[in-house]
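Student: Could you look at this predicted model? Sequence included:
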Amino acid sequence: MADFKIKPLGDRIIVKPKEAEETTKSGLYLPDTAKEKPIEGTVVAAGPGKTTDEGKFIALEIKVGDVVLYGKYSGTEVKVDGVDYLIMRESDVYGIVN
């Protein structure tokens, strides 16, 4: 998403979390207090990478459009145009979903 309003710096990425499930597998409605916090989302913006203390540049492995798994309490929540996103470091991501 090239026209995203926030440009992440360094090794940070911006993730749009997957929507929390509204119902159980058996069809019961879940109130907001019972919903699991999402641990999967889509990368909407990514920084260029980071520079080590020795001056070596390391590019990100994660790119815009990747679906990633991250820790339940990872990142910092931000709201852009009424939509919730998470800003986190690439190291907070556990893996990319194929």
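Tutor: On my side now, so go ahead. Residues are numbered from 1 along each chain as shown.

Student: Against residue 5, how distant is residue 70?
Tutor: Going from residue 70 to residue 5 by Cβ to Cβ, to the nearest Å gives 21 Å. All C-beta atoms are positioned from the backbone trio N, CA, C, and that covers glycine.

Student: out of the two, which sits in the more crowded spot?
Tutor: Regarding residue 70 and residue 5, a neighbour count based on other Cβ atoms under 10 Å identifies residue 70 as having more, with 20 against 9.

Student: hang on, the more buried one packs against residue 13?
Tutor: No: with contact defined as Cβ atoms under 8 Å, residue 70 does not count as touching residue 13 (9.5 Å).

Student: Spit out the residues that contact the two alike.
Tutor: Common contacts of residue 70 and residue 13, defined by Cβ atoms under 8 Å, 6 or more residues apart in numbering, comprise 88, 93.

Student: Low-confidence stretches in the protein?
Tutor: 1-3, 20-25, 27-38 (pLDDT under 70).

Student: got the contact list for the most centrally placed residue in the chain?
Tutor: For the chain, the residue sitting closest to the mean C-alpha position, by Cα atoms, centre = their mean, is residue 15 at 2.6 Å. Neighbour list for residue 15: 41, 42, 43, 44, 68, 70, 75, 85, 86, 87, 88 [criterion: Cβ under 8 Å, 6+ apart].

Student: hmm, try it at 6 Å
Tutor: Residue 15 is in contact with 41, 43, 86, counting by Cβ atoms under 6 Å, 6 or more residues apart in numbering.

Student: Can you list which of those residues are found in strands?
Tutor: Residues of those located in strands (DSSP state E): 41, 43, 86.
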